[in-house]
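Visitor: What would the 3D arrangement of this be:
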Amino acid sequence: MEQREIKNTGVMVTPICFGTSSLGDMPDTYGYDVSEAQAIETLIEIFQGPVNFIDTSNNYGFGRSETRIGKALNAIGGVPEGFVIATKVDRDMETGRFDAARVRQSLEESLDRLGMDRVDVLHLHDPEHARDLAEMTCDGGAFDELFKLKEQGLIKAVGLAMGRIDMMFPLLKSYPFDTLISHNRFSLLNRCASDMFDYAHDQGMAILNAAPFAGGVLAKGSKASPRITYQDATEDMLAPVKQIEHLCENHNVPMGAAALQFSLNDPRITSTLVGVSKPERVAQTLEWAKFPLSNAMTVALQSMPYDTTDPEANRAYKPG
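Guide: Predicted coordinates:
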């Protein structure tokens, strides 16, 4: 599989990145449980395949995601050659503290769980949920500490991963990030991240577009998964999903293939971050990535209606 560099860092990644939040068992977010055995089996399937990139975080499943990745790596004898594991530093989940000391502490916790002495890519995660943004942006704060880790050679690429565009865009303009992760904000249903992607691309940042299936509905369908961006959806909210479903049925295209390739084919996007929770979803993702779409289908998808408002503005956020 093709590989692309993250902003002059020497870190090369495939156009697909597998997300591992659900592998940490997060039923409050996804609505289902994932056992440790299933998670490890899924991870081994990933490590043995053509994708060289996974993403995790300190707080996914309150550490279970990283712990399970560590166990899977131990089972196969370590990180495969050329494989990139990205993780994120997180706030203290009890107090919301997100200062410089917490950045160091979070990374140390992650490395211990993963059984690694370093990671190449490190994002600061979800600052909108921390107790005080000023604690992060002040001199000597969390952001300064994040870049200090790079200066000290402990990581190669520094990124920002969060939801709210109104907070994220100004932060991207204030610091020399190598990469960003935005989720649910650029898909067949929503394009509110598009202007931000234009800016980041012009600055040479690697754009990691997460959740192209809008939380699963664009992969599983409106009947099997009547939820959008991890929230129960009304019939009105599901109307655009059903339009896409109808179009895909008419063209004999899996909706998951249409949704995935919408992101994969955007020239601004370095890698599309796809969550998987079962081993068979790995092969399915790879099949969808290369499923043939006609020009007529591609044009029709581009003409589908989409939203530009925050898709999670009314979400009752739960970290588990």
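Visitor: could you list every residue that touches the closest residue to P50 other than its chain neighbours?
Guide: Spatial nearest neighbour of P50, excluding adjacent residues (CB to CB, 6 or more residues apart in numbering): M1 at 4.3 Å. Where C-beta positions appear, they are placed from N, C-alpha and C, glycine not excepted. Contact partners of M1, counting by CB atoms under 8 Å, 6 or more residues apart in numbering, are 14-16, 50-52.
Visitor: Burial check on Y32, number of neighbours?
Guide: Residues within reach of Y32, counting by other CB atoms under 10 Å, total 11.
Visitor: I'd say it and S277 touch.
Guide: Yes: contact between Y32 and S277 holds when scored by CB atoms under 8 Å: they sit 7.5 Å apart.
Visitor: so what's Y317 closest to, chain neighbours aside?
Guide: Nearest to Y317 is H129, by CB to CB, 6+ apart, at 6.9 Å.
Visitor: Which pLDDT value goes with the one you found?
Guide: Per-residue pLDDT puts H129 at 96.
Visitor: Likewise for the one 3 residues further on?
Guide: What the model reports for D132 is a pLDDT of 96.
Visitor: just the one 4 residues further on next, same as before
Guide: The predicted local distance difference test score for M136 is 98.
Visitor: separation between it and P292?
Guide: To P292, M136 is 45 Å away according to CB to CB, to the nearest Å.
Visitor: cool, K7 as well?
Guide: K7 is 32 Å from P292, where distance means CB to CB.
Visitor: on that earlier part again, got the contacts of M1 as TSV, with pLDDT, neighbour count and distance to A313 columns?
Guide: Shown next, in TSV, are those (pLDDT from 0 to 100; neighbours: other CB atoms under 10 Å; distance: CB to CB, whole Å):
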residue	pLDDT	neighbour count	distance to A313
T14	98	21	32
P15	98	18	30
I16	98	24	29
P50	98	10	37
V51	98	22	32
N52	98	20	35
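Visitor: In helices, which of the residues you listed appear?
Guide: With DSSP state H as the criterion, helices contain none of the contacts of M1.
Visitor: chain center to the longest helix that the chain contains, what's the gap?
Guide: If you go by DSSP H, the chain has its longest helix at helix 235-251. In terms of CA atoms, centre = their mean, to the nearest Å, the centre of helix 235-251 is found 24 Å from the chain centre.
Visitor: Go through it and flag the buried ones.
Guide: Buried positions in helix 235-251, judged by neighbour count with 16 or more other CB atoms under 10 Å: 237-238, 240-241, 244-245, 247-248.
Visitor: Stretch 43-62 now?
Guide: Those would be 43-47, 49, 51-61, for stretch 43-62 by 16+ other CB under 10 Å.
Visitor: Tell me who's in contact with the residue nearest to the spatial centre of the chain.
Guide: Nearest to the mean C-alpha position of the chain, counting by CA atoms, centre = their mean, stands A210 at 3.7 Å. For A210, the contact set (CB under 8 Å, 6+ apart) comprises 19, 55, 181-184, 272-273, 275.
Visitor: Check M136 too.
Guide: Listed by CB under 8 Å, 6+ apart, the contact set of M136 reads 98-99, 124, 127, 130, 142-143.
Visitor: same check, this time on F197
Guide: 182, 186, 207, 209, 266, 268-269 are the contacts of F197 under CB under 8 Å, 6+ apart.
Visitor: With that, I have no additional questions.
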